[in-house]
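Asker: just a sequence and a predicted model for now, questions to come.
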Amino acid sequence: MRYLAPVAGDRHEITKALQAVAEGQREAIDALLPLVYEEMKGLAHARLRKAGKGGTIQTTDLVHESWMRLLKNGDPEFESRRHFFGAAARAMRNILIEQARRHASLKRDAARKHELDTDLPQIVTDPPLEDVLSLSDVLEQLEKEHPRPAEVVSLRFFGGLSMPEVAEILGLSLATAERDWRFARAWLQHELEQSES
């Protein structure tokens, strides 16, 4: 059955498009972006707003870069809407982490140059980007030990979704998603404090 692009996208249309993509229907990939674009843009905007100043990437750039990463390996296979938006949140997270690492590297290089040239202004560390790097390291450990709470964190923190949206995407009750969120926050806080001492 040939995939026909819908006129207006809703959750069911996204699911149909994802199924068509998984079946290898190339034209469904072209139809998928307009269906998910606004939601991806919302995720990107929320994440960038939480990251604060210091970043150079714009919302649209983050959406496009994450879309390209989702399609990077040829024909993507997304099992569900949950899987797709989880992958999109992870792609955005990775992009922001890479940007933070580049930014930190540039600052280190600038600080070294400052040591040689006293006319340069003092380089000030930008906490939000370093927070992203620190969180990324402990989040990788959380993913290994507690995958579902890590997925909640990824969608909530890096994806910028509300708790009801996280619960819906993960197929959890709101109470379970909130319990996972509380657990993950406490676990991450503990690990971050341990890494600082």
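Answerer: That came through fine. Residues are numbered from 1 along each chain as shown.
Asker: mind listing the helices for this protein?
Answerer: Applying DSSP state H to the chain gives helices spanning 11-22, 26-51, 59-71, 81-116, 127-145, 147-153, 163-170, 174-196.
Asker: comparing these, which comes out most buried?
Answerer: Sort these by mean neighbour count, taking mean count of other C-beta atoms under 10 Å, and helix 147-153 sits at the top with a mean of 21. The C-beta positions use only the backbone N, C-alpha and C, and glycine is treated the same way.
Asker: which residues touch that one?
Answerer: Applying C-beta atoms under 8 Å, 6 or more residues apart in numbering, the external contacts of helix 147-153 come out as 86, 139, 142-143, 166, 170, 177, 180-181, 183-185, 187-188.
Asker: was I right about residue 158 contacting residue 87?
Answerer: No. Counting by C-beta atoms under 8 Å, residue 158 stays clear of residue 87, with 11.8 Å between them.
Asker: let me see the contact set for the nearest residue to residue 43 once chain neighbours are set aside.
Answerer: Spatial nearest neighbour of residue 43, excluding adjacent residues (C-beta to C-beta, 6 or more residues apart in numbering): residue 159 at 4.7 Å. With contacts defined as C-beta under 8 Å, 6+ apart, the neighbours of residue 159 are 43, 46-47, 85, 88-89, 92, 166.
Asker: as CSV, the residues you listed with distance to residue 64 and pLDDT would be great.
Answerer: Output for the contacts of residue 159, formatted as CSV (distance: C-beta to C-beta, whole Å; pLDDT from 0 to 100):
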residue, distance to residue 64, pLDDT
43, 13, 81
46, 17, 76
47, 14, 74
85, 16, 86
88, 12, 87
89, 16, 86
92, 11, 87
166, 24, 88
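Asker: poorly predicted segments of the chain, please.
Answerer: Filtered on pLDDT under 70, the chain yields the residue ranges 1-10, 50-56, 73-75, 104-135, 196-197.
Asker: dump the residue contacts of the residue lying closest to residue 48 once chain neighbours are set aside.
Answerer: Excluding the flanking residues, the one nearest residue 48 by C-beta to C-beta, 6+ apart is residue 59, at 5.9 Å. Neighbour list for residue 59: 41, 44-45, 48 [criterion: C-beta under 8 Å, 6+ apart].
Asker: between the residues you listed, which is nearest residue 27?
Answerer: residue 41 (22.7 Å; C-beta to C-beta).
Asker: my guess is the closest one meets residue 61, correct?
Answerer: No. With contact defined as C-beta under 8 Å, residue 41 does not reach residue 61; the gap is 11.0 Å.
Asker: quickly note the distance from residue 148 to residue 170.
Answerer: Going from residue 148 to residue 170 by C-beta to C-beta, to the nearest Å gives 7 Å.
Asker: no more questions from me, cheers.
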